[in-house]
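In: this one's structure only:
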């Protein structure tokens, strides 16, 4: 199918260009505003002070100390590229980011989220933290998707029933409830009062970092720490998942060709498979895949409530500590995940909807 190949190549090129533009804009904002320059100067000054303390302990003469420190500072300035204009530093920064050479961070806050010591590679920070967000948010999203995909089509097919109205009420109620607020309520009852679950998610760090040393016991421990956060996210988000997928299916169920098929007396299973499922598959697939991709970014406030060391906590720690390499690395990785999800959707569209092949 040469036409399909051309479509996928065009989409891949367009998404790759979008990825590069986003990384470039992020780098330009950090460099042009002087944000990264201030951070690098602070890092240089810290390293110079550390060297000065070492020289003082070794009782090096003051004049010699001054000369060594000035040379050291000049070398660091060249290494970090601060001897060049900001617009010259942008492209090397973008190039390093695109090949996952995300640099090294010396900030303690992001390293504490990952449970490692500084200095540490930014790529290691992200790949250490990512599984924790998957355990909490992505698993919760998968549970919501599984429940919604099994129930919502039946609700749409029998809209107006008592169960259908109950789901609509449930969705409307919990759409107004923030996840972090319900998380605090659940923590108060289940963790602090009943003591059924931990009050902090930090204990999951060694369980995931050393998972393969004792897989079964570590898995049980992960369930113990993740149960309440996952339950909270599912309770809040399930209503919107049910309502969203129900609305997609309901729009198809009310189409004229479905009503004609019913009037002809065709079996309900045949109508559902041939006239409903095939039509609703592309929008539902888009909804599910983009939601799962978005879940990898984490929830900053919700993770703070549960003291969960995930991607949201890492992003917050990087922002509050002005950790430019980690901010840029997180932006790149999350954008890359979205681009990959979009490309996967393009492939699935071709499989699910033959009309796309004609585009």
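Out: That came through fine. As the structure is a computational prediction, the values presented were derived from the model and not from experiment. Numbers count the residues shown, from 1 in each chain.
In: what residues does residue 145 make contact with?
Out: 241, 288, 291, 292 (Cβ atoms under 8 Å, 6 or more residues apart in numbering). Where you see a C-beta, it was placed from the backbone N, CA and C, and this is true even at glycine.
In: which elements pack onto the host helix or strand of the third one?
Out: To tie it back to what came earlier, the one meant is residue 291. Residue 291 belongs to helix 278-295 when assigned by DSSP states H and E. Counting contacts by 3 or more Cβ pairs under 8 Å, 6 or more residues apart in numbering; DSSP states H and E, helix 278-295 is packed against helix 139-157, helix 215-253, helix 324-352.
In: just tell me which of these ends up closest to residue 302.
Out: The minimum distance between residue 302 and the helices and strands packed on helix 278-295 falls on helix 215-253, with 7.4 Å, by Cβ to Cβ.
In: please compute how far the helix or strand that the closest one is followed by lies from its chain's middle.
Out: Of the helices and strands lying after helix 215-253 in sequence (DSSP H and E), the nearest is helix 256-263. With Cα atoms, centre = their mean, to the nearest Å as the basis, helix 256-263 stands 42 Å off its chain's centre.
In: same check on stretch 116-136?
Out: 12 Å.
In: list the buried residues for the lowest-mean-pLDDT helix or strand in the chain?
Out: Ranked by mean pLDDT, DSSP states H and E, the weakest helix or strand in the chain is helix 268-271, scoring a mean of 74. The neighbour-count check on helix 268-271 (16 or more other Cβ atoms under 10 Å) flags residue 271 as buried.
In: give me the contact list for it.
Out: 157, 258, 261, 262.
In: isn't residue 191 up against residue 229?
Out: No: assessed by Cβ atoms under 8 Å, residue 191 is found out of contact with residue 229, at 10.9 Å.
In: give me the contacts around the host helix or strand of residue 64.
Out: Element membership for residue 64 (DSSP H and E) is helix 62-79. With contacts defined as Cβ under 8 Å, 6+ apart, helix 62-79 is touched by 44, 47, 48, 51, 52, 55, 56, 60, 83.
In: which strands or helices does the helix or strand that that helix is followed by pack on?
Out: In the C-terminal direction, the helix or strand that comes right after helix 62-79 (DSSP H and E) is helix 86-98. Under the contact criterion of 3+ Cβ pairs under 8 Å, 6+ apart, helix 86-98 touches helix 2-32, helix 324-352.
In: what subset of the contacts of helix 62-79 is buried?
Out: By 16+ other Cβ under 10 Å, the contacts of helix 62-79 give 44, 48, 51, 52, 55 as buried.
In: give me the phi and psi angles of the nearest residue in space to residue 131 that is not next to it in sequence.
Out: In space, and not counting its chain neighbours, residue 131 is closest to residue 208: 5.5 Å by Cβ to Cβ, 6 or more residues apart in numbering. Residue 208 has phi and psi values of phi -80, psi -40 when expressed as degrees, to the nearest 10.
In: who's in contact with residue 320?
Out: residue 109.
In: could you rerun that using 10 Å?
Out: 107, 109, 110 (Cβ atoms under 10 Å, 6 or more residues apart in numbering).
In: take the residues you listed and lay them out in CSV including neighbour count, pLDDT and distance to residue 224.
Out: Listed next are these as CSV, based on neighbours: other Cβ atoms under 10 Å; pLDDT from 0 to 100; distance: Cβ to Cβ, whole Å:
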residue, neighbour count, pLDDT, distance to residue 224
107, 23, 81, 30
109, 19, 87, 26
110, 31, 88, 26
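In: who has more neighbours, residue 191 and residue 229?
Out: residue 229 (28 against 16; other Cβ atoms under 10 Å).
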